[in-house]
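Q: Compute the structure for the input listed below.
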Amino acid sequence: MSKATRVLGRKLRLGIIGGGPESFIGSIHRSAATMHEEFEVVAGVFSSNPARSLTAGKTMGIPRPYTDPDALFAGESGREDGIDALAIMTPNNSHYLLSCKALDAGMHVFCEKPLTITEEEAADLVRRVEATGKRYCVAYGYSAYPMVRQARA
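A: Coordinates of the predicted model:
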């Protein structure tokens, strides 16, 4: 039994923005999130094309696919069974804005790198995370690879 199930009596509910069925990183994140049975993907936006997002979500068996991020933020923040965390895996230049909106909606965030594009955005994001008290995590998939550890030495 997973820790989430022991503590909450259920898996953590994960929402996703980006990472549709044809993306490289999407399938990796979805399978990693569900591998240890801590998370279940229950909501998401899987394309910038609204119809394609809905179709992709239904095809992948996601219970609540949305047409766009704003619809996800509005829909999930008002639900008693809304998502516990949001994974952002969209193009780099959208990470900061989506992270801000997710934090404003009261969501914990897991974001692909880079988190921001400018130093000002980075400083603002730190302030926002501290103000909300929400968890904010970044994907560093190569941090345990020997070539990366050696490059840092």
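Q: hey, where'd the helices end up in this structure?
A: 3-8, 24-35, 50-59, 69-77, 95-104, 119-132, 146-152 (DSSP state H).
Q: out of the ones you listed, which comes closest to K113?
A: With Cβ to Cβ as the measure, helix 95-104 is the member of the helices of the chain nearest K113 (8.0 Å). C-beta here means a position set from N, CA and C on the backbone, and glycine is covered the same way.
Q: Give me the pLDDT for the residue nearest the centre of the chain.
A: Centroid check for the chain by Cα atoms, centre = their mean gives A87 as the closest residue, at 0.6 Å. In this model, A87 is scored at 96, pLDDT.
Q: A153 now?
A: Taking A153 on its own, its pLDDT is 45.
Q: that older thread, and the residue nearest to the centre of the chain, what is it in contact with?
A: 14-17, 19, 29, 33, 109-111 (Cβ atoms under 8 Å, 6 or more residues apart in numbering).
Q: what's the answer for I16, then?
A: 26, 29-30, 41, 43-46, 86-87, 89.
Q: K113 is in contact with A122, correct?
A: No: if you go by Cβ atoms under 8 Å, A122 and K113 don't touch, sitting 11.8 Å apart.
Q: Between the two, point out the one with more neighbours.
A: Between A122 and K113, counted using other Cβ atoms under 10 Å, the more crowded position is A122 (14 against 11).
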